[in-house]
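Chemist: return a 3D structure for these sequence lines:
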Amino acid sequence: MNHPVHVRAHKLSQNASLCVSGFNLIAADSPAIEAMTDFSRVNVVSIGPEASVDDANARMISRGVRLLMVLGKDEEVVGLITARDILGEKPLQVAQARGGKRDELHVADLMTPIASIDTLYLEDVLRARVADILDALKQLGRQHVLVEDTDPSTGLPRVRGLFSATQIGRALGVPVLGFDLPRTFAEIEAALVN
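Modeler: The predicted structure is shown next:
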């Protein structure tokens, strides 16, 4: 039985400072779950496969993300698309191969389909450290990796969250920008050692 707690307000202390979030929150030996974007706590940003590439880019910018989950008609995951897919060489290559233009491309033309998406199981993540996740990202040669678990209400698999090399870098206080994965991983690894 929970007893009500009497909470009293008071004036802000004279020597109070502001808590700054986002830096040095994790270390190499921190539990990996601390670096995961957990979709049970954070809304996933998604898009449909028929959306234009420009719409996908605009959604990423407006929501401050570099990856969108691509959802089909019944809200099932059919793929994912990253900023690298949209802003790299891939759009031009696909458009040229089809004899079309970049602005005619849809998310479905550039996304990674579900059959090609690498995931980690949540039960493994719960036993892993941040350094282990960084190693997995490095081995995969990817900026992101999804985390999968089982929906307790349906018993079906679901995407529970994701890890982002950029987000791990930010939490470590390392400015990680661009698409240069070897440099990104080197910067993060240097921060983990220090």
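Chemist: from here on, just use CA atoms for contacts and neighbour counts.
Modeler: Noted.
Chemist: contacts only, for residue 52.
Modeler: By CA atoms under 8 Å, 6 or more residues apart in numbering, the contact set of residue 52 is 103, 104, 105, 106, 107.
Chemist: got it, and residue 86?
Modeler: Shown in contact with residue 86 (CA under 8 Å, 6+ apart): 53, 57, 110.
Chemist: quick one, phi/psi of residue 38?
Modeler: phi -100, psi 110 (degrees, to the nearest 10).
Chemist: dig out what it forms beta bridges with.
Modeler: Counting by DSSP bridges, residue 38 forms beta bridges with residue 161.
Chemist: tell me the contacts of it?
Modeler: If you count contacts by CA under 8 Å, 6+ apart, then residue 38 has 160, 161, 162 around it.
Chemist: hang on, the first one packs against residue 145?
Modeler: No - judged on CA atoms under 8 Å, residue 160 makes no contact with residue 145 at a distance of 11.3 Å.
Chemist: top of the contacts of residue 38 by neighbour count?
Modeler: residue 161 (23 neighbours; other CA atoms under 10 Å).
Chemist: residues contacting that one?
Modeler: 36, 37, 38, 39, 40, 146, 147, 148.
Chemist: would you convert those into CSV that also reports pLDDT?
Modeler: Converted to CSV, the contacts of residue 161 look like this (pLDDT from 0 to 100):
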residue, pLDDT
36, 94
37, 93
38, 95
39, 94
40, 93
146, 94
147, 96
148, 96
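Chemist: among those, name the buried ones.
Modeler: The neighbour-count test (16 or more other CA atoms under 10 Å) marks 36, 37, 38, 146, 147, 148 as buried among the contacts of residue 161.
Chemist: list just the nearest of those to residue 156.
Modeler: Proximity of these to residue 156 was ranked by CA to CA; the top entry is residue 148 with 10.4 Å.
Chemist: and the closest one, how far is that from residue 115?
Modeler: With distances taken as CA to CA, to the nearest Å, residue 148 is found 14 Å from residue 115.
Chemist: need the residues touching each of these two.
Modeler: Overlap of the contact sets of residue 148 and residue 115 (by CA under 8 Å, 6+ apart) is empty.
Chemist: just the buried residues of the helix or strand hosting residue 56, please?
Modeler: Using DSSP states H and E, residue 56 maps to helix 53-63. Going by neighbour count (16+ other CA under 10 Å), the buried part of helix 53-63 is 53, 54, 56, 57, 59, 60.
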